[in-house]
Structures are given as structure tokens and as C-alpha cells.
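Student: here's a sequence, model it:
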Amino acid sequence: MRIEPIETPRSLKMKLAYAFCKRRFGKVVTPFKVVSARVPAIIPVYQAITKYMTRESRLAPSLLLLIQSYTANRNACGFCVDITASFAAGDPALLEKVWRVTDFANDPIFTDGERAALAYVAEVTERHEATDATFAELKKHYTDEQIVEITLANAVEHFYNLVNKPLGIESDGLCAVRPRAVRTATPA
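Tutor: Residues are numbered from 1 along each chain as shown. Next up is the predicted model:
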């Protein structure tokens, strides 16, 4: 880790934020102790993103987790791989997909719709655009609104990965169900 986590916040407001974080995750997660503790103004941004992704998105929560997990694996963000797996841990079938997401193109565990979404995410992650063929396949399974939300979910995951990875923030061990080293996905 390149910047030491702040273990004991000084302000009452940050102490309350640490307590909320600990209640939600079972511990104060490292990005909070490294990033939010030093730049508290980012906390409402994180809260707004979380609220949108968990309460307002029209995508199936399982598809959101698969997109987040694929992108985090692709970007080798250990913290994000771990936290997405921890969110899936309550659903063994979903957790299995999260573990196998980097091989989505060849793995029969994924539905055609999931494969279309993940192929789109893979291309956008790799090339920052998608081919007409990939987009046409995506449109067979999702509405225009859902496609925009898939695009947003991928972009948001890149945002988190681009904060955590350069600062050397790795897994917090949130998903102790099946520890696994972060692996880099191969392009689909």
C-alpha cells in the first residue's frame, strides 16, 4: 500500500462514518481509511453511486455484480474483486459465476444475455468502444435503457479500480468464502 490507512479518525463526523462503514462491511474498508479519510468530500459521491447502483438501477443485481467482477478482474483490482465476491457470497450460484466470470464466453454457466453484456463490457474495457456486431447482440437481450445502465456500471467500476489500484489498495478479505488470487481476464 502506497499511502498508510488512517486507523483512528480525529473528527466526530469521520468517527461516525467509520462506524457506519464497519457496520455495513464488518470492518472499515481500506479505501475508506485511505481515500475518504483524506478527502471526505468524496463520500457523498460514493454514496450517490452506491444508492444508484443498489436501489435505482433497473438491471438485475446479479448482472451488475457480474459486470463489476469482470471489470475488476480485468483491471486486476484486488479490493473490487473481493468486495464483489463478498456481495455474491449469499447466493452460491451467483458466487460461482463471479469466480468464473473471466471465462464467460466459453462457460455454459452464463446465460446468452449475460454473455452479450459481458462481451460488450469486455470490448469497451479493452478498446473503449464496441463493434457493431457486439452491440447488435447486446440489443437482442436488453432495452436501450438497460444498455445505458450496463455502460454506466462498467464505467463506475473502472472509476473504483482507478482509485484503488494506483494507491496499492488490495483485498480486505471481505469474501473469505473461497479465497483466490486476483487474475487478469483474457479479452473475450
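Student: now for the biggest helix by length in the chain, which elements pack on it?
Tutor: Counting by DSSP state H, the longest helix found in the chain is helix 144-164. Counting contacts by 3 or more CB pairs under 8 Å, 6 or more residues apart in numbering; DSSP states H and E, helix 144-164 is packed against helix 30-31, helix 61-74, helix 78-88, helix 112-127, helix 132-141. Where C-beta positions appear, they are placed from N, C-alpha and C, glycine not excepted.
Student: turn those helices into TSV, including mean pLDDT and mean neighbour count.
Tutor: As requested, the helices and strands packed on helix 144-164 are exported to TSV (pLDDT from 0 to 100; neighbours: other CB atoms under 10 Å):
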stretch	mean pLDDT	mean neighbour count
helix 30-31	96	20
helix 61-74	97	24
helix 78-88	95	24
helix 112-127	98	20
helix 132-141	98	14
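Student: that older thread, and for the longest helix of the chain, what's in contact with it?
Tutor: Outside helix 144-164, the residues that touch it by CB atoms under 8 Å, 6 or more residues apart in numbering are 31, 35, 49, 53, 57-59, 63-64, 67-68, 71-72, 75, 77-80, 117, 120-121, 124-125, 138-139, 142, 169.
Student: show me the residue at the heart of this structure, geometrically.
Tutor: Gln68 (3.3 Å; CA atoms, centre = their mean).
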